[in-house]
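K.L.:
the amino acid sequence is not available; the structure is as follows:
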DNA sequence: CCTGGCCCCTGACAAATGTCACGGCCGGGA
DNA sequence: TCCCGGCCGTGACATTTGTCAGGGGCCAGG
């Protein structure tokens, strides 16, 4: 490893400054890696990447401005040569699927051992794919979202905690319709409550995208 | 700083291995700090501290086995000379209060700049207190939990997402009683829903302990 | 001792939530 | 072409949830 060639240039995106800085310290210990940029918001990824031309971008999923999945897609469109490694707290099954669909080359959860991160970066840079195997299995198990478009929309809006009447007004629907979509969502998620359904859907990453 | 004296010995506790390792790398860059132990569970803190006798322990709040607050109390009881710096993701107002009551010397949220962490450690080691000022203000504003013992208990049990009948059975109460406690909690939190009340209470750290 | 306040418990009632059966619309086979 | 299946939208109905008024126990202050 780490021959005489130019080091791999990295961009780090994570909303928690402490974690971001710590990751930078960790990766900077490797001779063949160099951190050229750090950002704390999803919508700063592309502008900063344009400026600093990284080889690999490490993106968190949970970020203000633009979530990591959307940032992945934007970055792939703007700088196709830059690979993306998604590094996230939650192993939500749906996240992996969405990240891959958006063009990520790798997906790592934050409780993988620290020493494996550098290797993951190198693999991604070499054009390989890196995926947490246990998470991959879960993803297969959870499958794609069973929720219909409207159902996800209603459920997403319901996160605010409003009453059915509020939702109906916000979505320009009858109260009965809203109730029905919620009921369908509850059935499909196997939950007993609206709140429960919300938890399940969120857990599986079925509520992503705005 | 960092004269010729012995370095400050640190114990790191965080359930996310990657973050833990990254923090270790970050802190190891400082000449006067040395990481002597890392654990991923709250109930490993005291045993490991007994073995490695750290000067300062950095504890996350969210951990399996034992939460960071309880771990703080246990550690203070077992090794009174070891100071505790709580490092957490969420700036829940109640967390700060509980941490301080449990004997922590400092409280830092994970979106403080990375360079400030080493200083926080040094301050704590020197016997000073370290508190995020904005968070301190919020804590004052949020005040102590207005919830009565029974109310918290009911609310805590309600996290499982069960129906009122379930709660009543689990707590050996009449359904009416459960409803009443929930109603009181809803009123006190200023929420409109049970789910909403749950969010508020959790946000303020009023549901800690078990 | 009485009184007032707080917490806990409970049932009856009103309001929100969840379920169901139905009709319209659209696209993909027989 | 017709039929079938899925999704969307809607109202009537049963169930669950939230509110209210009230009773009993306990403790501190007068």
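P.N.:
Ah, there it is. Remember, predicted model here, so these are calculated numbers, not experimental data.

K.L.:
what comes up buried for stretch A:33-51?
P.N.:
Neighbour-count burial for stretch A:33-51 flags A:33-40, A:42, A:44-46, A:48-49 (criterion: 16 or more other Cβ atoms under 10 Å in any protein chain shown). All C-beta spots, glycine's among them, are computed from the backbone N, C-alpha and C.

K.L.:
can you check stretch A:76-84 too?
P.N.:
Within stretch A:76-84, judged by 16+ other Cβ under 10 Å, the buried ones are A:76, A:79, A:82-84.

K.L.:
need those residues in CSV (columns: secondary structure, distance to DNA strand D and pLDDT).
P.N.:
Converted to CSV, the buried residues of stretch A:76-84 look like this (DSSP: H, G, I helix; E, B strand; the rest coil; distance: Cβ to the nearest atom of the strand, whole Å; pLDDT from 0 to 100):
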residue, secondary structure, distance to DNA strand D, pLDDT
A:76, helix, 28, 96
A:79, coil, 35, 96
A:82, coil, 35, 97
A:83, strand, 34, 96
A:84, strand, 30, 96
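
K.L.:
from those residues, which is closest to DNA strand C?
P.N.:
Minimum distance to DNA strand C across the buried residues of stretch A:76-84 is 29.0 Å, recorded for residue A:76 (Cβ to the nearest atom of the strand).

K.L.:
now that closest one. Nearest residue, chain neighbours left out?
P.N.:
In this structure, residue A:76 finds its nearest non-sequential neighbour in residue A:103, 3.8 Å apart by Cβ to Cβ, 6 or more residues apart in numbering or on different chains.

K.L.:
confirm the one you found sits in a helix?
P.N.:
No. Under DSSP: H, G, I helix; E, B strand; the rest coil, residue A:103 falls outside any helix and is assigned coil.

K.L.:
and stretch A:195-210, average pLDDT?
P.N.:
For stretch A:195-210, mean pLDDT rounds to 85.

K.L.:
does the lowest-mean-pLDDT helix or strand in chain A reach chain B?
P.N.:
None of the helices or strands of chain A scores lower by mean pLDDT, DSSP states H and E than helix A:133-142, at a mean of 75. No. For helix A:133-142, no contact with chain B is found by Cβ under 8 Å from any Cβ of the partner chain; the gap never falls below 13.9 Å.

K.L.:
quick check: phi and psi at residue A:89.
P.N.:
The phi/psi pair for residue A:89 (degrees, to the nearest 10) reads phi -70, psi -50.

K.L.:
and residue A:108, by the same measure?
P.N.:
phi -130, psi 130.

K.L.:
local confidence estimate at the residue of chain A found nearest DNA strand D?
P.N.:
Distances between chain A and DNA strand D by Cβ to the nearest atom of the strand are smallest at residue A:176, namely 2.2 Å. On pLDDT, residue A:176 comes in at 92.

K.L.:
ok so it is a strand residue?
P.N.:
No. Residue A:176: not assigned to a strand; according to three-state DSSP it is helix.

K.L.:
and it, how far from residue A:161?
P.N.:
Separation of residue A:176 from residue A:161 (Cβ to Cβ, to the nearest Å) stands at 21 Å.

K.L.:
try residue A:93
P.N.:
25 Å.

K.L.:
now do the same contact list for the residue nearest in space to the middle of chain A.
P.N.:
In chain A, the centroid-proximal residue (Cα atoms, centre = their mean) is residue A:61; its distance is 3.2 Å. Counting by Cβ atoms under 8 Å, 6 or more residues apart in numbering or on different chains, residue A:61 touches A:67-69, A:86, A:88-90, A:95, A:99.

K.L.:
does it belong to a helix, a strand or coil?
P.N.:
Quick answer, by three-state DSSP: residue A:61 is coil.

K.L.:
and for the one 5 residues further on?
P.N.:
With three-state DSSP as the basis, residue A:66 sits in coil.

K.L.:
what's the burial count for it?
P.N.:
19 (other Cβ atoms under 10 Å in any protein chain shown).

K.L.:
per-residue confidence at the nearest residue to it once chain neighbours are set aside?
P.N.:
Closest residue to residue A:66 apart from its sequence neighbours, by Cβ to Cβ, 6+ apart: residue A:42 at 3.1 Å. On pLDDT, residue A:42 comes in at 94.

K.L.:
what's the spacing between residue A:42 and residue A:76?
P.N.:
14 Å.

K.L.:
swap in residue A:195?
P.N.:
36 Å.

K.L.:
again with residue A:27
P.N.:
Taking Cβ to Cβ, one finds residue A:27 at 22 Å from residue A:76.

K.L.:
swap in residue A:47?
P.N.:
Residue A:47 is 15 Å from residue A:76, by Cβ to Cβ.

K.L.:
likewise residue A:22?
P.N.:
On the measure of Cβ to Cβ, residue A:22 and residue A:76 end up 27 Å apart.

K.L.:
related to what we said a few turns ago, by neighbours, which of the contacts of residue A:61 wins?
P.N.:
Result: residue A:68 is most packed of the contacts of residue A:61 (other Cβ under 10 Å), 30 neighbours.
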